[in-house]
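Asker: Sharing a model prediction with you, sequence too.
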Amino acid sequence: MKIFTPKTTTMMVASLLSLTALSANAQPTKKNPFDPTVLTADDSDTINHARPKKATNNKTDKSGKRYTTVESAEYIDAVNNAVWTPQMKANSAMTVKIQTLLDRHHASVGAIDGGWGTHSKNALANFQRMKNLPATGKMNQETWEALNQNSKDILVSYTITPEDVTTFNALPKDTEAQSKLNDLGYESIQEKLAERFHMRIDYLTKINPNKQFVAGETITVVDTGSAFENGFTKVVINKATNTLTAYQDQTLVASYPVTIGNTKKSVNTGTYTISNKVKMPHYKATITKNNKKETAILPPGANNPVGVVWIALNKSGYGIHGVSNPEIIGQLSSTGSVGLSNWDALEVFANVDENTTIEIH
């Protein structure tokens, strides 16, 4: 099986916006014969909506959501050998394969988890647009053949390295306490590896039952392929669909799910340019202490409110950035700007510059 090695990034510093936290809920929809648009209403809670036939060790997490671990060898084989047919019924193995193939074609679904929802439907429709197919957001034979062309295994082996197993600590919830830390890094190796391989944490642990996640141990991960690297001339952010689409001239080449604005501050439509780009930014948060507003500077890290990158636009407070939790994508942002999963934000970061036009619709 294919073996991966970890990636590294460089560090820079910036000072950004203020901090609020919001959440949203979604209602599941009725399952049908395999039409990916009806598996779930939202990608944020999908582990128990589409599960493989063989499963063991039912568990309940702290939020009360139920998920399962799987018999790995059988499930890996089911995912890697899955072939779409019009009569197919909803199943996690097929969904993971479609999500991963979309990711490889730069039509991101956000965190891969085996459950189909709005992000995945939008990604499929954008992939169809890339291939000049009818953008229905539903799978058909022509779309499947374009998506699966020359595909390789979806789930592969990865051996955890000593470099992967750094120091992990639970982060304080209090903003002032966070400001006193040296960094806001990963809280666990599971979180670190889930981001590297574009997976939800609970999906990573689901397909790796009884693993200790220690150096030298081999685990199963998603092979997401290579990042896009040919540059974007235009980026379009759609507030109605919570998507960021990227173009080379008039050709759609990539798409990503995003979270835009918050209840206190919406993001205005318009055309913008990029004024600055920063990796591993600091974050300027406003806190209330002794009935007074004070400023707290949060250190950089994957769990910084704006994640691992900040792309500043030519309007004060506007930017494109990562997020500390990819599961909030599609909900209202904590920063009032445009947030992506850290891995998608890094891909956008690498492909835009001061000549890239940013449109918000």
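Answerer: Everything's here; your move.
Asker: CA atoms for contacts and neighbours, from now on please.
Answerer: Will do.
Asker: I figured Ser226 hits His105, correct?
Answerer: No - the pair Ser226 / His105 is not scored as a contact, 9.2 Å apart, by CA atoms under 8 Å.
Asker: Now the common contact residues for the two.
Answerer: Residues touching both Ser226 and His105 by CA atoms under 8 Å, 6 or more residues apart in numbering: none at all.
Asker: what are the ranges of the strands in the stretch 251-361 of the chain?
Answerer: Using DSSP state E, counting those that start in this stretch, the strands found in the stretch 251-361 of the chain span residues 251-257, 259-260, 270-272, 274-279, 283-289, 292-298, 309-313, 319-321, 338-339, 357-360.
Asker: Which stretch among those is buried most, on average?
Answerer: Most buried of those, by mean neighbour count (mean count of other CA atoms under 10 Å): strand 338-339, with a mean of 32.
Asker: What separation do you get for the closest residue to Ser324 other than its chain neighbours and Lys192?
Answerer: Nearest residue to Ser324, sequence neighbours excluded (CA to CA, 6 or more residues apart in numbering): Asn303, at 4.2 Å. Distance, Asn303 to Lys192, by CA to CA, to the nearest Å: 11 Å.
Asker: Compare Ser226 and His105 (neighbour count), which wins?
Answerer: Using other CA atoms under 10 Å, the more surrounded residue of Ser226 and His105 is His105, with 21 against 10.
Asker: dump the residue contacts of the nearest residue to Leu155 once chain neighbours are set aside.
Answerer: Spatial nearest neighbour of Leu155, excluding adjacent residues (CA to CA, 6+ apart): Val222 at 4.7 Å. By CA under 8 Å, 6+ apart, the residues touching Val222 are Thr100, Ile154, Leu155, Val156, Phe197, His198, Met199.
Asker: surely Glu347 meets Gly231?
Answerer: No - counting by CA under 8 Å, Glu347 does not reach Gly231; the two are 9.7 Å apart.
Asker: In three-state terms, how would the residue nearest in space to the middle of the chain be classified?
Answerer: For the chain, the residue lying nearest the average C-alpha position, counting by CA atoms, centre = their mean, turns out to be Gly110 (3.1 Å). When classified by DSSP: H, G, I helix; E, B strand; the rest coil, Gly110 comes out as coil.
Asker: There's contact between it and Gly339 in this structure, I believe.
Answerer: No - between Gly110 and Gly339 no contact is recorded; they are 11.4 Å apart, counting by CA under 8 Å.
Asker: and for the two, which residues touch both?
Answerer: Both Gly110 and Gly339 are in contact with Ile329, where contact means CA under 8 Å, 6+ apart.
Asker: returning to that earlier point: wait, doesn't the residue nearest to Ser324 sit right on Leu184?
Answerer: Yes - between Asn303 and Leu184 there is a contact at 5.1 Å, judged by CA under 8 Å.
Asker: about what we covered before: with Tyr186 as the reference, measure out to the residue nearest to Ser324.
Answerer: The separation that Asn303 has from Tyr186, given CA to CA, amounts to 7 Å.
Asker: likewise Met199?
Answerer: Met199 sits 15 Å away from Tyr186, going by CA to CA.
Asker: Equivalent analysis for Ser266, please.
Answerer: Ser266 sits at a distance of 29 Å from Tyr186 (criterion: CA to CA).
Asker: before we move on, back to that, who are the neighbours in contact with the residue nearest to the centre of the chain?
Answerer: His119, His198, Tyr256, Pro257, Pro326, Ile329, Ser341, Asp344.
Asker: where do the helices sit along the stretch 51-200 of the chain?
Answerer: Here the stretch 51-200 of the chain has its helices, by DSSP state H, counting those that start in this stretch, at 72-80, 92-104, 118-130, 141-148, 175-179, 189-196.
Asker: what would those look like in JSON lines with mean pLDDT?
Answerer: Output for the helices of the stretch 51-200 of the chain, formatted as JSON lines (pLDDT from 0 to 100):
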{"stretch": "helix 72-80", "mean pLDDT": "91"}
{"stretch": "helix 92-104", "mean pLDDT": "97"}
{"stretch": "helix 118-130", "mean pLDDT": "97"}
{"stretch": "helix 141-148", "mean pLDDT": "97"}
{"stretch": "helix 175-179", "mean pLDDT": "95"}
{"stretch": "helix 189-196", "mean pLDDT": "97"}
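Asker: Output these as CSV; include the columns distance to Gly319 and mean neighbour count.
Answerer: CSV is the format used below for the helices of the stretch 51-200 of the chain (distance: least, CA to CA, whole Å; neighbours: other CA atoms under 10 Å):
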stretch, distance to Gly319, mean neighbour count
helix 72-80, 37, 17
helix 92-104, 24, 25
helix 118-130, 21, 25
helix 141-148, 32, 15
helix 175-179, 21, 17
helix 189-196, 21, 19
